[in-house]
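Colleague: Dropping the sequence and predicted coords here.
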Amino acid sequence: MIRYSEIFYSIQGEGRWMGTPSVFIRLYGCNFECRGFGQGRDQSKWVTRENMPHKTDPNIDKYTSYHELPVPTIGCDTSATWAKEYMHLTIYEEPSVIAKKLLELTPHKTWDNIHLIITGGEPLLWQKQLPELLMQPEFKTLQNLTFETNSTQTLVPNFWTFLENYQAHTTFACSPKLSISGESRTRAIKPNVVNSYSKVKNSELFLKFVVQDEQCLIEVKEVLDDFKLPNDIPVYLMPVGGTQETLNLTEKQVATIALENGLKFSPRLHVNLFGNAWGT
């Protein structure tokens, strides 16, 4: 059984495969909270954990679907996919059932030119269950698979072997969390884990850092020095902002920082196109 928050068909809005038609499954659970996003650098002014949006939403008991939820303006923009307050909205199903639903979302009931994105939360918390899902007959023509990960979860040997022998090409979309997330560097930055992803056969990885200012860039450079990855690994800077309002405050500044430092810029294309909405 696999617990997930939502499945949907949309455009990949971030990073290496931006603009690609993709089916997403958002798995439930995460090892981080990322409370700091959207709250600035002065932690004395941060909303306390007990007063974060997922703790104080007055309509929690009234929601019947994730699509009814507001996208939070502070903290993790997908907090509803790991906060226990929203667990009643999750779906817990057999892999065979999930596979059929995912295939049905493709426009022609085929994976031709369509990517499968396994996101979260933190999807690599589900390594034990994922092979059974991906081996369902509905995925026999799947060619491109992406894990959107915070890059802290070591690949277990069985899952590593599975990916190396799987017919689909794997992308690790790695998004290590900087200090603006509120997560500590010792918990968030795992060079050995990221390096191990880069060694999986039939795979590639790219790095995507959520940033808001020049201080973030200093941290990005430090992290890249720690990772010691090959120079051809793509590195993207992406602005803070799960909502259009927050993006408007940071997008141009982050694009300028990327240009000045010769780094790639990733917009949040889905937010620009579809606004503050789940299922995009």
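Modeller: Looks like it arrived, so ask away.
Colleague: How about residues contacting the helix or strand in which Glu132 is found?
Modeller: Assigned by DSSP states H and E, Glu132 belongs to helix 130-134. Residues from elsewhere that reach helix 130-134 (CB atoms under 8 Å, 6 or more residues apart in numbering): 2, 95, 98-99, 118, 123, 142, 145, 158-159, 162, 166, 168. In short, each C-beta sits where N, CA and C put it, glycine included.
Colleague: Apply 6 Å and report the result again.
Modeller: With contact meaning CB atoms under 6 Å, 6 or more residues apart in numbering, helix 130-134 is reached by Pro95, Phe162.
Colleague: Now do the buried residues in that helix.
Modeller: Using 16 or more other CB atoms under 10 Å as the test for burial, helix 130-134 gives Leu130, Leu133, Leu134.
Colleague: What ranges does the stretch 151-280 of the chain have for its helices?
Modeller: Shown for the stretch 151-280 of the chain, the helices assigned by DSSP state H, counting those that start in this stretch span residues 157-165, 185-188, 191-197, 214-227, 244-260, 269-274.
Colleague: quick check, distance from the first one to the centre of its chain.
Modeller: Centroid separation for helix 157-165 versus its chain: 21 Å, with CA atoms, centre = their mean, to the nearest Å.
Colleague: what ranges do the strands span in this protein?
Modeller: 2-11, 21-27, 91-93, 115-119, 144-149, 169-174, 203-211, 235-239, 264-265 (DSSP state E).
Colleague: where does the stretch 151-280 of the chain dip in pLDDT?
Modeller: Along the stretch 151-280 of the chain, segments meeting pLDDT under 70 span 242, 276.
Colleague: and which of the buried residues of helix 130-134 is nearest Lys190?
Modeller: Nearest to Lys190 among the buried residues of helix 130-134: Leu130, at 19.8 Å, using CB to CB.
Colleague: related to what we said a few turns ago, report the mean per-residue pLDDT for the helix holding Glu132.
Modeller: Averaging pLDDT along helix 130-134 yields 98.
Colleague: returning to that earlier point: I'd like the buried residues of helix 130-134 as TSV, with distance to Ile233 appended.
Modeller: Below are these laid out as TSV (distance: CB to CB, whole Å):
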residue	distance to Ile233
Leu130	24
Leu133	28
Leu134	25
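Colleague: just curious, which of the residues you listed is nearest to Trp278?
Modeller: Nearest to Trp278, judged by CB to CB, of the buried residues of helix 130-134 is Leu133 at 21.5 Å.
Colleague: about what we covered before: would you turn the strands of the chain into JSON lines with mean neighbour count and distance to Glu245?
Modeller: Shown next, in JSON lines, are the strands of the chain (neighbours: other CB atoms under 10 Å; distance: least, CB to CB, whole Å):
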{"stretch": "strand 2-11", "mean neighbour count": "19", "distance to Glu245": "20"}
{"stretch": "strand 21-27", "mean neighbour count": "22", "distance to Glu245": "22"}
{"stretch": "strand 91-93", "mean neighbour count": "14", "distance to Glu245": "30"}
{"stretch": "strand 115-119", "mean neighbour count": "22", "distance to Glu245": "23"}
{"stretch": "strand 144-149", "mean neighbour count": "24", "distance to Glu245": "23"}
{"stretch": "strand 169-174", "mean neighbour count": "21", "distance to Glu245": "25"}
{"stretch": "strand 203-211", "mean neighbour count": "22", "distance to Glu245": "16"}
{"stretch": "strand 235-239", "mean neighbour count": "23", "distance to Glu245": "12"}
{"stretch": "strand 264-265", "mean neighbour count": "15", "distance to Glu245": "20"}
